[in-house]
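Peer 1: Requesting a structural model of the entry that follows:
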Amino acid sequence: MRSSSNTDGTKTALVVGASGIAGSALVDKLADEGWDVLAMSRGGIRRSDVRHVSADLHSLESLRKALADERASHVFYTAWARMNTEQENIETNAGMLRNLLASLGGHPAKHVALMTGLKHYLGPFEAYAAGKMPDTPFRESEPRLPVPNFYYAQEDELWAAAEQQGFSWSVHRAHTVIGHAVGNAMNMGLTLAVQASICRELGQPFIFPGSETQWNSLTDMTDSGLLADHMIWAATADEAGDEAYNIVNGDIFRWRRMWPRLASYFGVESVGYADEPRPLEHQMRGKESVWADIATRHGLAEPDLARVASWWHTDGDLGRNLEVVTDMSKSRLAGFTGYRRTEDSFIQLFDRYRADRLIPAAAGSQPGD
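Peer 2: You can find the predicted model right below:
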């Protein structure tokens, strides 16, 4: 294996979770900017100009062996594993990060960037939005909630390793991330695209699955490309390190305005909130064979509905009964000026899904058009 010793000044990035929504966007951005990229993931890597690193995050020995000849100047950690309880989430996810950081102890990185999320303010899945929440927009200065949370445990591991090894760090608290990935457990962009494609196939309306609060309230999201920009900025900009930052697109919207625009893209009827939530787990139940048939007729890359849609996660996001708006002032004042319009993020993502044959082409198009 070629050693990445950085003797020529080249920056070497280790992206952990490289096949996920955030990780794959980081790999693309870093490689396009000329970094030497080490991509650690359970899945394959699309690009031939990056090096895939195979290791078990649960095993310190496996990590040490895989990274023994590598010298990563910057580490971008986006991996996570969903467990049955928050205590298991803490043990597993904090443990994986601890192992990764310990494996670098002999040749510490300059900077480690950790991706977390707004459950820092909202609470973990099993205590989600339970109890008193901080007022919106969420700010990084809010104290931790008085409940166990694997994001807090990960931060503690990061800070302890930084003190011991001497690297700078950053934490990136994203809202719902939309981007390009398959088989991801939290992928609203692809989930909504699949829902709309099934609705078009069956001649059914595109029904908003969530709560009245989410339909009418302001909210925001995070584009995976912008998240990548943000993590690279904090890892490399002078005076930006050793801080936790929120990261969202910078615009705000209401789903009652966004939903008809998404429906228009797919050529389906938009139906908003009425009387009660209509979760996707109910709307899309038993649609596996419908999707398999769509995939066959349109030559799609993935016929397994479970690999392209995460109904539970989108139901959770859109079913919340509280406003979720995020403050970006800290990043702006520190010098980060990146911005995305969320509607554009969705449309560009849907175009890419069509180009990659993850969803059917526009109505009237034929496979190969």
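
Peer 1: Can you list the residue ranges for helices in the stretch 151-300 of the chain?
Peer 2: For the stretch 151-300 of the chain, helices defined by DSSP state H, counting those that start in this stretch occupy the ranges 188-202, 212-216, 224-236, 255-266, 280-283, 288-298.

Peer 1: for the third one, which positions count as buried?
Peer 2: Read it as helix 224-236. Residues of helix 224-236 classed as buried: 224-235 (neighbour count, 16 or more other Cβ atoms under 10 Å). Every C-beta, even on glycine, is put in place using the N, C-alpha and C of the backbone.

Peer 1: Run through who's touching it.
Peer 2: With Cβ atoms under 8 Å, 6 or more residues apart in numbering as the contact definition, helix 224-236 has outside contacts at 11, 21-22, 24-26, 28-30, 33, 74, 76, 111, 113, 115, 170, 172, 174, 177-180, 240-241, 243, 245, 247, 249, 331, 335-336, 338-340.

Peer 1: Show the buried residues in those residues.
Peer 2: The neighbour count (16+ other Cβ under 10 Å) marks 11, 21-22, 24-26, 28-30, 74, 76, 111, 113, 115, 170, 172, 174, 177-180, 240-241, 245, 247, 249, 331, 336, 338, 340 as buried among these.

Peer 1: Could you pick out which of those are located in strands?
Peer 2: Secondary structure defined by DSSP state E assigns 74, 76, 111, 113, 115, 170, 172, 174, 177-178, 245, 247 of the buried ones among the contacts of helix 224-236 to strands.

Peer 1: Just name the closest of those residues to S270, please.
Peer 2: Closest approach between those and S270, by Cβ to Cβ: I178, at 18.7 Å.

Peer 1: That closest one touches N249, doesn't it?
Peer 2: No: because the distance of 9.3 Å does not satisfy Cβ atoms under 8 Å, I178 is recorded as not touching N249.

Peer 1: Just the CA coordinates for stretch 196-210, please, in PDB.
Peer 2: Extracted in PDB, the C-alpha atoms of stretch 196-210 (Å, rounded to 0.1, in the frame of the first residue of the first chain):
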ATOM      1  CA  ALA A 196     -43.300  10.200  -6.100                       C
ATOM      2  CA  SER A 197     -42.200   7.600  -8.700                       C
ATOM      3  CA  ILE A 198     -44.500   5.000  -7.200                       C
ATOM      4  CA  CYS A 199     -47.400   7.500  -7.100                       C
ATOM      5  CA  ARG A 200     -46.900   8.300 -10.700                       C
ATOM      6  CA  GLU A 201     -46.800   4.600 -11.600                       C
ATOM      7  CA  LEU A 202     -50.000   3.900  -9.800                       C
ATOM      8  CA  GLY A 203     -51.800   7.100 -10.800                       C
ATOM      9  CA  GLN A 204     -52.100   8.100  -7.200                       C
ATOM     10  CA  PRO A 205     -51.600  11.600  -5.600                       C
ATOM     11  CA  PHE A 206     -48.300  12.500  -3.800                       C
ATOM     12  CA  ILE A 207     -49.500  12.800  -0.200                       C
ATOM     13  CA  PHE A 208     -47.600  14.700   2.400                       C
ATOM     14  CA  PRO A 209     -47.000  12.200   5.200                       C
ATOM     15  CA  GLY A 210     -46.200  14.500   8.100                       C
END
